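> got a predicted structure plus its sequence, pasted below:
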Amino acid sequence: MIELQASVERITYYNHDNHFAVLRMKHTEKDETFTAVGHFPFVGEGEMFELKGEWTEHPVYGPQFKVEVYRISVPATVRGIEKYLGSGLIKGIGPKTAKKLVEYFGRDTLNIIQYHPERLTEVEGIGEVKAKQIAQEFEQQRDIQDVMLFLQSNGVSPTYAVKIYKEYGQKTIQLIKENPYRLADEIFGIGFKTADKIARNMGIKKDSRYRIAAGIKHVINEFVSEGHTYAPLDELVKRGERILEVSGDSIQEIVEELKESREVVVEETEGGKAVYLPPYYYAEKGAADRLSKLARVPVTPIPVDVEDEIEKIQKSTGIRLSTGQKEAIKKIVENGVVVITGGPGTGKTTVINCILELLERRGMYAALAAPTGRAAKRMTEATGREAKTIHRLLEFSYSQGRGMEFKVNEDEPLEADVVIIDEVSMVDLLLMYNLLKAVPFGARLVLVGDVDQLPSVGAGNVLKDIIDSGKIQVVHLTEIFRQARESMIVVNAHRINRGEFPILNRSEKDFFLDEKEDPHDILVTVLELCSRRIPGFAAFDPLEDIQVLTPMRRTCIGVDNLNRELQKILNPPSHDKEEKKVGGMVFREGDKVMQIKNNYKKEVFNGDIGKIVEIDNEEGVVYVKYPDGEGERVVEYEGYETEELVLSYAISVHKSQGSEYPVVVMPVSTQHYLMLQRNLLYTAITRAKELVVLVGTRKALAIAVNNNKPAKRYTLLARRIRECFSVN
């Protein structure tokens, strides 16, 4: 293996998912530049590395140094030290502070930080607290290097060294040696395969019970991440055989052992055995039990003539309610649990407002909530009353010792006479279970949502299962109101939902198809629409009002590339905007960003969209503002935490659930053939309030309209609800 030392001149390419990088580097001894490729969890221009690897010849790009092992080395020159310290690796030192330190201490700067940090206070602007912080961060970087070397010595690129160290601290190596598979469970982004590679290099055998048990849990987690609440045993075995490379008999044997030790739950179903992770089993059973009790416990009676009240509401508001809306109001008055479902323009919000007026006249209190900050804000605007996220409503909290918990629960329930939840199609099983536990017996629970939307990102298909159980009072709103019928967005949403081709390009309407076939032409058109054509057409703000939705992440019209190109034209570099490089991605003040994992400590969740309001490169901190019910809040991200963020000028349709935008622009191309589904297209266009512009071909649009085979989700909630009603 060849060894050499080089500094990073330029980051040519960086894959945010796996940290694969193409770097232009400068050899320190030969003073020559060359291309290096490998996996780098954090890398900045100007950093110096000790590299081990081999020279390879790429058929297109020529000679490249393939890096197998690397270590960040201490730079020797004053310029190198300044670039190293200013790269953002050490919290508290940004480019300005790095320059001050090097100008004052010269080549001794790193020695001063490591051995005499008290002297840092000699530099203007650095006090005792900051000097201590810099010294601690510098020492932490040294510890991280040891973690990286440990991982590399076990045959794994140190992709997640920073995150592992932040989680385990100085016990990192000890804990990994004790149980390498804990990485897959406890570190976001590290899967079973990475943990398994470490374990195998540490000598754990392929047929080890320890390994097979961890692999089984990994496979069940894969099913959960795909939206299922359990894994069918036969599919679990097939997938396990492929991943673990052991016999199906061995897997079934360990499943039985895990069942005995209560690490999994196995239940007989009509189609075979279902294998659950315990939290999902107990959530599914608990949700069914709680829902059945809430539906059947007598509610606080409302002495009112409903027909008379409806007439009063119609007169006071000037609104003529449909038969379905009247039925919904009656059911809410009479029942403990009611589901209201319907497409756009069918008056779901009108029902909410009417029932609120009816109840509040009698001194009854209503709690309003939705799954996301944006959906809660929309609910607040639509009702004129405060709506919270479900997490806020349940007073969610996170502590280091106790983990995540909801302070509002079965022991401390909500103080409300009626609980109204909007956008229920987005609510996954675990959140629904915690919500149901917090609803007091005798209160009314109203679940509002569009069952034809895409199901939740998390596990379960809660709204559909509740409806399919046949045991809960459900009102399907189908009548489209006159004002809504004037919108082609609403008309076409219902046409698509019925499997009919949408009506396109009527003048002075709000639904258009710009026909382009070549993916590059689609890309160029989307960029023109967002930056010039739509803002010029109706004064829409490119950043605030227009949202690009796309079915896939990759391809030139997928999420990743669209974000890069849209950022260039909608929020270009500027001398008055700070930037921060995270791998190959550049974050800039003013960027639209999205959280891509549930972060319970910060109370921001997968799919939340915000805006970068400040980047402090001196402290290595990014500040993001998120909508939150009636207001907004700012969340602070330290350097390594920014990998939980991605640009969101373009987002996937799944991530758009619960949000509403004045304008939706969406590429529809046969390049995305696998993702062209009716409920995906329906969900995308119903996110728009004022304008939809599709860019692509009629053929791709027709494929989506005709493909009404949404992916099946394994869940037993509907069956369990029926069982609870029959038993109780």
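Received it, and whenever you're ready, just let me know what you need.
> quick one: least confident helix or strand in this protein?
None of the helices or strands of the chain scores lower by mean pLDDT, DSSP states H and E than helix 482-485, at a mean of 67.
> next helix or strand past that helix?
The C-terminal neighbour of helix 482-485 among helices and strands, as given by DSSP states H and E, is helix 488-497.
> in this structure Y600 contacts M404, no?
Yes - at 4.4 Å, Y600 counts as touching M404 under the criterion of CB atoms under 8 Å. Placement of C-beta: from N, CA and C, glycine included.
> okay, and the common contacts of the two?
F396, Y398 (CB atoms under 8 Å, 6 or more residues apart in numbering).
> mean confidence for the helix or strand harbouring N563?
Using DSSP H and E, N563 maps to helix 559-570. In this model, helix 559-570 has an average pLDDT of 94.
> next: stretch 272-291.
The average pLDDT within stretch 272-291 is 96.
> ok, residues contacting it?
217, 220-221, 224, 229-234, 236, 255, 262-268, 337, 429-430, 432-433, 436-437, 439, 459-460, 462, 466, 472, 714-717, 720-721, 723-724.
> over to stretch 595-605?
For stretch 595-605, contacts defined as CB under 8 Å, 6+ apart pick out 188, 372, 391, 396, 398, 403-404, 606-610, 626, 635, 641, 644-646.
> distance between the ends of it?
From its first residue to its last, stretch 595-605 covers 6 Å (CA to CA, to the nearest Å).
> list the buried ones in it?
The neighbour-count check on stretch 595-605 (16 or more other CB atoms under 10 Å) flags Q595, I596, N598, N599, Y600, K602, E603, V604, F605 as buried.
> tell me the buried residues in stretch 281-301?
Buried, per 16+ other CB under 10 Å, within stretch 281-301: 281, 283-295, 299.
> ok, stretch 215-230 next?
215-224, 227-230.
> can you check stretch 53-70 too?
G53, Q64, F65, V67, V69, Y70.
> show me how far that stretch is from its chain's centre.
In terms of CA atoms, centre = their mean, to the nearest Å, the centre of stretch 53-70 is set 35 Å apart from its chain centre.
> contacts for that stretch next, please.
1-2, 4, 25, 34-40, 49-52, 152.
> what's the lowest-pLDDT member of these?
Lowest pLDDT among the contacts of stretch 53-70: Q152, with 63.
> picking that back up, which members of the buried residues of stretch 53-70 are the farthest-apart pair?
Among those, the pair separated by the greatest distance (CB to CB) is Q64 and V69, at 16.1 Å.
> nearest to S507, of the buried residues of stretch 53-70?
Q64 (55.0 Å).
> check that closest one and give its pLDDT.
You'll see Q64 listed with a pLDDT of 95.
> circling back to that earlier point, out of the contacts of stretch 53-70, who's the most crowded?
Top of those by neighbour number is F40, holding 25 neighbours under the definition other CB atoms under 10 Å.
> burial check on I466, number of neighbours?
When neighbours are counted by other CB under 10 Å, I466 comes out with 27.
> cool, F537 as well?
The tally of other residues near F537 (other CB under 10 Å) stands at 12.
> what sits against it?
Contacts for F537 (CB under 8 Å, 6+ apart) come out as none.
> could you look up the SS state of it?
Here F537 is recorded as helix under DSSP: H, G, I helix; E, B strand; the rest coil.
> going forward, begin numbering at 36 instead of 1
OK, 36 is where the count begins now, so the last one is F572.
> T352: neighbour count?
Number of residues near T352 (other CB under 10 Å) recorded here: 13.
> sorry, wrong one. I was asking about E543.
A count of neighbours around E543, defined by other CB under 10 Å, yields 4.
> give the helix, strand or coil label for it.
E543 falls in the coil class when you classify it by three-state DSSP.
> try V700
strand.
> residue contacts, it?
V561, L564, C565, I569, I581, Q582, V583, L584, V728, L729, V730.
> in terms of contact, does the fourth one touch I581 like I think?
In other words, I569. Yes - between I569 and I581 a contact is recorded at 6.0 Å, counting by CB under 8 Å.
> tell me the buried residues in stretch 442-455?
Quick answer for stretch 442-455 (16+ other CB under 10 Å): V443, L449, A451, D452, V453, V454, I455.
> for L715, helix, strand, or coil?
Assigned with three-state DSSP, L715 falls in the helix class.
> okay, now the unreliable bits of the stretch 136-285 of the chain?
Applying pLDDT under 70 to the stretch 136-285 of the chain flags residues 179-180, 183-184, 186-198, 223-224.
> tell me where it has strands.
Assigned by DSSP state E, counting those that start in this stretch, the stretch 136-285 of the chain shows strands spanning 266-267.
> hey, where'd the helices end up in it?
Counting by DSSP state H, counting those that start in this stretch, one finds helices in the stretch 136-285 of the chain at the ranges 144-150, 163-188, 196-203, 207-213, 217-221, 227-236, 244-260, 268-279, 283-295.
> what residues does the fifth one touch?
Contacts of helix 217-221 with the rest of the structure, by CB under 8 Å, 6+ apart, involve 199, 202, 210-211, 225-227, 229-230, 233, 249, 252-253.
> output those residues in CSV; the columns should cover distance to L394.
Formatted as CSV, the contacts of helix 217-221 follow (distance: CB to CB, whole Å):
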residue, distance to L394
I199, 52
E202, 47
L210, 53
I211, 56
I225, 49
G226, 48
F227, 50
T229, 53
A230, 52
I233, 58
A249, 51
K252, 46
H253, 48
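> quick check, nearest of those to V481?
Of all these, V481 sits closest to K252, with 37.3 Å by CB to CB.
> surely the closest one meets S296?
No - judged on CB under 8 Å, K252 makes no contact with S296 at a distance of 11.8 Å.
> assign a three-state SS to the residue lying closest to E725 once chain neighbours are set aside, would you?
Computed as CB to CB, 6 or more residues apart in numbering, the closest residue to E725 that is not its neighbour in sequence is P697, at 4.7 Å. At P697 the chain is in strand, as set by three-state DSSP.
> what's the burial count for P697?
Count around P697 with other CB under 10 Å applied: 16.
> coming back round to it: more crowded one of I569 and I581?
Between I569 and I581, counted using other CB under 10 Å, I581 has the larger neighbour count: 24 against 21.
> per-residue confidence at the more buried one?
We note a pLDDT of 94 for I581 in this prediction.
> give me every residue that touches it.
Contact analysis of I581 by CB under 8 Å, 6+ apart lists L564, C565, I569, P570, F575, Y696, P697, V698, V700.
> out of these, which is nearest to L136?
Here the nearest of these to L136, counting by CB to CB, is C565; it sits at 42.6 Å.
> centroid-nearest residue for the protein?
The centroid of the chain falls nearest to N641 when counting by CA atoms, centre = their mean (2.5 Å).
> that residue sits in which helix or strand?
Following DSSP H and E, there is no helix or strand that holds N641.
> excluding chain neighbours, what is closest to it?
Leaving aside its chain neighbours, N641 sits nearest to N633 (5.2 Å; criterion: CB to CB, 6+ apart).
> hmm, the residue nearest to the centre of the chain is touching V492, no?
Yes - in this structure, N641 is within contact of V492 by CB under 8 Å, at 6.1 Å.
> who are the neighbours in contact with the residue nearest to the centre of the chain?
V492, G493, Q630, I631, K632, N633.
> the first one and G693, how far apart?
The one in question is V492. Using CB to CB, to the nearest Å, we find V492 at a distance of 10 Å from G693.
> looking at those two, which is more packed in?
Neighbour totals were compared for V492 and G693, and G693 leads with 25 against 18 (other CB under 10 Å).
> thank you, goodbye.
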